[in-house]
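Asks: Okay, here's the prediction I keep looking at, along with the sequence it came from:
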Amino acid sequence: MKNLQTTVIDLVAGILEIPSIEVELDSRIDVTRNWDSLTNMNILLEIENHFSISFDAAELQELDGIHGICANLEKKLML
């Protein structure tokens, strides 16, 4: 079974249409290829659907990179 970080990286890479190897824990918006504000919303929607969770407006500022997304998911999923 994949761990949380690997799953998030694979989801993000799929949305960005880049190889998973190009996405790392420190990858984030406006630094990683193809990752802009519009794509970020698509990433967050895909993550919400995949994990059957929802993000509230206050959380969205923290969700601009792999690290922030994973940290938030760990709290939500109690990992």
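Replies: Yes, it's here. Residues are numbered from 1 along each chain as shown.

Asks: burial of residue 31, as a residue count?
Replies: Residues contacting residue 31 under the criterion other C-beta atoms under 10 Å number 10. (Each C-beta comes from the backbone N, C-alpha and C, glycine too.)

Asks: model confidence over the longest helix along the chain, on average?
Replies: Ranked by residue count and defined by DSSP state H, the top helix of the chain is helix 37-51. Per-residue pLDDT over helix 37-51 has a mean of 96.

Asks: what's in contact with the helix or strand following it?
Replies: Using DSSP states H and E, the helix or strand that follows helix 37-51 towards the C-terminus is helix 66-77. Residues from elsewhere that reach helix 66-77 (C-beta atoms under 8 Å, 6 or more residues apart in numbering): 4-5, 8-9, 12, 23-28, 43-44, 47, 51, 53, 55, 59, 62-63, 79.

Asks: hmm, 6 Å instead?
Replies: Here helix 66-77 makes contact (C-beta atoms under 6 Å, 6 or more residues apart in numbering) with 4-5, 8, 25, 27, 53, 59, 62-63.

Asks: where in this protein is pLDDT low?
Replies: Applying pLDDT under 70 to the chain flags residues 1, 79.

Asks: and with 90 instead?
Replies: For the chain, applying pLDDT under 90 flags the ranges 1-2, 58-62, 78-79.

Asks: The longest helix of the chain relative to helix 66-77, how many degrees between them?
Replies: Here helix 37-51 runs at 30 degrees with respect to helix 66-77, directions being taken by axes from the mean of the first three to the mean of the last three C-alpha atoms, to 10 degrees.

Asks: Fine by me, thanks again.
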